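Asks: whatever this is, show me its structure:
(2 chains)
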Amino acid sequence: MEEKHLSILDLLSLDLKEQNSLDLRCIGGRKGLARNITIPDLNRPGLALSGFFESFAWQRIQIFGRGENAYLKKIEEEVPNESLERFFAYPIPACIFTHNLAPGKEFFRLAEASGCPILQTDLASSEFTSRILRVLSDIFAPRTTIHGVLVEVYGIGILMTGDSGVGKSETALELVERGHRLVADDVVEIRCVNGSILMGQGANKVIGHHMEIRGLGIINVTHLFGVGAIRDKKQIQLVCALEEWDPNKVYDRIGTEEKTTGILGVAVPRLEIPVKPGRNVPIIVETAAMNERLKKMGYHSAKEFNQNILRWLESENARAVYWNRDDYL
Amino acid sequence: MTERTVTIKNRAGIHARPAALIVQTSSKFGSKIWLEKNGDRINAKSIMGIITLGASFGTPIRIIAEGPDEEEATIAIERLFESRFEEE
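Replies: Next up, the predicted model:
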């Protein structure tokens, strides 16, 4: 895996909306826009500005809030400014000023000279910090691509996997036709967010929501079924492994045992669904989704069924002792 | 496992028709076949996967095959790349 990096220019041109928007603009040090962010973390440079550079986290984005800015105003009158010069000697990825604040001339001059970009946002420091951390952890999250189809069925994100030609796309098409949503066909890019949530999406926005159906060729799901039939991304909550019916394999007949599959270190419930002519796979997947929702609500069909049998057998036994004594004696 | 690295020689890169050619060729073999670009590995039997790679002119692509007929499979796919997908 290649090392992740994100240039400041990439950060500025990210397409973020509403509660994720960073409202960033560059106000100085433009030639430094090519600098890369390598660590998804931030630093408040208060200590460094006051001249204490031990353990200074220069690899991180530096956030200047009201406090730092007020301190800058105070120390900027001193020329030459030793701590500022030392500060800019490090290849800092970027300095970001919140609350629409801006530094003084000397700060701009030193930033330009060292090629450190200065960005500004009108958000408050705390809000900006939580947003940018969310954005960065999203970008730096471990990721992988899986050959499969991701659909949303009754609100459950289902990843269907299986060999080529087993009927993943056809199943997805039928599900879309039945009012469910397609997230990605064939190549699903999966990111592990917050260490426990698997987010799946199409690998490429340009050619997303297209499907290849044997005999038809490539179809555009958005145009054929409308925007209601698609979704950009969805958490993966269930894996349905479609496979050719193997008469020698033992398939789960009861469903009390739960299999899981590991994706990026996260365990996801896994069902193995055998495919053969005459088996209506979309309906099975639909039922699996509803069953999964029931389980999330605390009701486990197979376990409940078994509990009932156990209770019934027990009561029959108890009754047998008193009522059918002759059989026992 | 057999591996081979090829470069894309046709100007247009891998668009729909070359992708279809690759899929048709690799589907003839029983082995599992993958194409890899910059560490992204996709199944060579899936059209959308190959197109998603976004392989343009000059991109190096690694062909990886594993199975009973892996040698023949890699050679057949390599030949497709060499023949510029019968374009130009």
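Asks: what about the chain, any weak spots by pLDDT?
Replies: No chain specified, so I'll use chain A. A:1-4, A:79, A:320-329 (pLDDT under 70).
Asks: my bad, the chain I had in mind was chain B
Replies: Applying pLDDT under 70 to chain B flags residues B:88.
Asks: next to chain A, which bits of it? Give me the list.
Replies: Neighbours of chain A within chain B, by Cβ under 8 Å from any Cβ of the partner chain: B:16, B:27, B:38-43, B:45-49, B:51-52, B:54. The way it works is simple: take the backbone N, C-alpha and C, and place the C-beta from them, glycine included.
Asks: mind running it again at 6 Å?
Replies: B:39, B:42-43, B:45-49, B:52 (Cβ under 6 Å from any Cβ of the partner chain).
Asks: if any of those are buried, put those into a ChimeraX selection.
Replies: The buried residues among these can be selected in ChimeraX (16 or more other Cβ atoms under 10 Å in any protein chain shown) with this line:
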select /B:42,43,45,46,47,48,49,52
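Asks: which outside residues touch stretch A:80-92?
Replies: Residues outside stretch A:80-92 that contact it (Cβ atoms under 6 Å, 6 or more residues apart in numbering or on different chains): A:48-49, A:51, A:58, A:62, A:110, A:114, A:116.
Asks: who's B:Arg4 bridged to?
Replies: With DSSP bridges as the criterion, B:Arg4 is bridged to B:Ile63.
Asks: and it, what does it touch?
Replies: B:63, B:74, B:78 are the contacts of B:Arg4 under Cβ under 6 Å, 6+ apart.
Asks: mind redoing it with 10 Å?
Replies: Neighbour list for B:Arg4: B:61-65, B:74-75, B:77-78, B:81 [criterion: Cβ atoms under 10 Å, 6 or more residues apart in numbering or on different chains].
Asks: how about those residues in a markdown table, adding neighbour count?
Replies: Putting the contacts of B:Arg4 into a markdown table (neighbours: other Cβ atoms under 10 Å in any protein chain shown) gives the following:
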| residue | neighbour count |
| --- | --- |
| B:Ile61 | 22 |
| B:Arg62 | 15 |
| B:Ile63 | 25 |
| B:Ile64 | 20 |
| B:Ala65 | 24 |
| B:Thr74 | 22 |
| B:Ile75 | 13 |
| B:Ile77 | 23 |
| B:Glu78 | 15 |
| B:Phe81 | 21 |
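Asks: which of those residues fall within strands?
Replies: Using DSSP state E, the subset of these located in strands is B:61-65.
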